[in-house]
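> Just to be clear, the model below is a prediction. Sequence and coordinates:
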Amino acid sequence: MRVSRFDQVSALLQALVWFIAVFVALLFLLWLTNKLQFRASEVIAVPPENAAGRGPNAEGFERDFEPPGEEEVEELVEPTLAETLEAVTDVASSVAAALDVVDSDSVTTQEGTGRGDSRPPGPLGEGEDIVPRFERWQLKFSSKSLQEYAAQLDFYGIELGAVGGGVPGVDYAARFAATPQSRHSEDSQSEQRLYFRWTSAGVLDQYDEQLLQRAGINTNGRIRLKFITKELEDQLAALEYRYAVEQGYQSVAQIQRTVFECRPDGNGYAFKVIEQRYRVPKQ
């Protein structure tokens, strides 16, 4: 047997087709590499935040040791995290601080000579003049249904909490997509996670109430909070800092407010920075 003329021509044509296909593929790859610019992802280290805070000290202009008068303390002292989580939220049951009456012929004043504390609100400590995260961060969620909103909370491991209303401690709820799980903690002072609260009533605020009630938690007259994990807090800090660097700002001390929005991303969700405002430099 020998190869026919037809087989020779057919093999030649097949080889020619394969050659043209490979040549066209190489030209396409060459064009693609010229159009696309591949860059190694730059890892930006988030600098640690060492924010100054006045703790329980009254707001003022200096850091002197002499406290302000009782009247000033009553007006200016700000609650700590532990006090926020205490069950003293009903306005009807709040009692104003009483001033001591001194039986004396001399003219007295409660005005005080102290100048208070010039540091911003936050845990007591020295540090940079930074707007703390709980003041400068704002989280936005968008959802068309309770189930979708619950899925977002579960994706990030966010816990809902209810405080106040005459109930001591904190009631927590989590894992909302299935059967919500609840737990109670009497030790509110040990809570170190960053938490958020809706600034205005809306549909998502009502969703929080419904999810807490599904977990068997009483929400009547209580404050509803969102507690985020340390992993999510670190993730948001990295997103914030990267966005600021891209805008030409090199320090978180320059940031006044950062707004994050939770958006669908593939099979899950991802937070994106949608707005960032910066502080006016001090003269």
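In hand now; what should we look at? Numbering: from 1, shown residues only.
> going forward, measure contacts between C-alpha atoms and count neighbours the same way
OK.
> what about the helices in the stretch 151-283 of the chain?
Per DSSP state H, counting those that start in this stretch, the stretch 151-283 of the chain carries helices over the ranges 203-214, 230-246.
> Nearest to residue 130, out of these?
Set against residue 130 and scored by C-alpha to C-alpha, those come closest in helix 230-246, at 13.4 Å.
> Would you mark the buried spots in the closest one?
Across helix 230-246, burial judged by 16 or more other C-alpha atoms under 10 Å covers 236, 237, 238, 239, 240, 241, 242, 243, 244.
> want to try CSV for those residues, with distance to residue 219 as columns?
Shown next, in CSV, are these (distance: C-alpha to C-alpha, whole Å):
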residue, distance to residue 219
236, 29
237, 31
238, 34
239, 33
240, 33
241, 36
242, 38
243, 37
244, 38
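> Would you convert those into JSON lines that also reports pLDDT?
As requested, those are exported to JSON lines (pLDDT from 0 to 100):
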{"residue": "236", "pLDDT": "97"}
{"residue": "237", "pLDDT": "96"}
{"residue": "238", "pLDDT": "96"}
{"residue": "239", "pLDDT": "97"}
{"residue": "240", "pLDDT": "97"}
{"residue": "241", "pLDDT": "96"}
{"residue": "242", "pLDDT": "96"}
{"residue": "243", "pLDDT": "97"}
{"residue": "244", "pLDDT": "96"}
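> Show me the shaky parts of the protein.
1-3, 32-44, 53-56, 60-125, 127, 283 (pLDDT under 70).
> mind listing the strands in it by residue range?
137-140, 159-164, 167-174, 181-185, 195-196, 223-227, 255-265, 268-278 (DSSP state E).
> Residue 262 - nearest residue in space that isn't next to it in sequence?
Distances taken as C-alpha to C-alpha, 6 or more residues apart in numbering put residue 271 closest to residue 262, at 4.4 Å, once the chain neighbours are dropped.
> surely the one you found meets residue 258?
No. In this structure residue 271 lies outside contact range of residue 258 using C-alpha atoms under 8 Å: 11.8 Å.
> just the strands of the chain: most buried one?
Neighbour counts (mean count of other C-alpha atoms under 10 Å) averaged over each of those peak at strand 159-164, with a mean of 25.
> May I have the strands that pair with it, each with its orientation?
strand 167-174 (antiparallel), strand 223-227 (antiparallel) (DSSP bridges).
> Mind splitting the protein into its structural domains?
Using automatic domain parsing, the domain parsing of the chain gives 48-130, 133-278.
> residues contacting residue 31?
Going by C-alpha atoms under 8 Å, 6 or more residues apart in numbering, residue 31 touches no other residue.
> so what's residue 219 up against?
Residues in contact with residue 219 (C-alpha under 8 Å, 6+ apart) are 162, 165, 209, 212, 213.
> Among these, which one lies nearest to residue 249?
Closest approach between the contacts of residue 219 and residue 249, by C-alpha to C-alpha: residue 162, at 37.4 Å.
> Test my guess that the closest one contacts residue 224.
Yes. At 4.7 Å, residue 162 counts as touching residue 224 under the criterion of C-alpha under 8 Å.
> Give me the nearest residue to residue 173, chain neighbours excluded.
Per C-alpha to C-alpha, 6+ apart, closest to residue 173 is residue 182, 4.3 Å.
> Distance check, the residue nearest to residue 152 when sequence neighbours are not counted against residue 221.
With C-alpha to C-alpha, 6+ apart as the criterion, residue 152 has its nearest non-adjacent residue at 6.9 Å, and that residue is residue 269. Computed as C-alpha to C-alpha, to the nearest Å, the residue 269 to residue 221 distance reads 32 Å.
> and if you look at residue 236?
Plainly put, residue 236 is 31 Å away from residue 221 if you go by C-alpha to C-alpha.
> quick revisit: and the strands of the chain as CSV, adding distance to residue 151?
Shown next, in CSV, are the strands of the chain (distance: least, C-alpha to C-alpha, whole Å):
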stretch, distance to residue 151
strand 137-140, 15
strand 159-164, 12
strand 167-174, 11
strand 181-185, 14
strand 195-196, 18
strand 223-227, 15
strand 255-265, 11
strand 268-278, 9
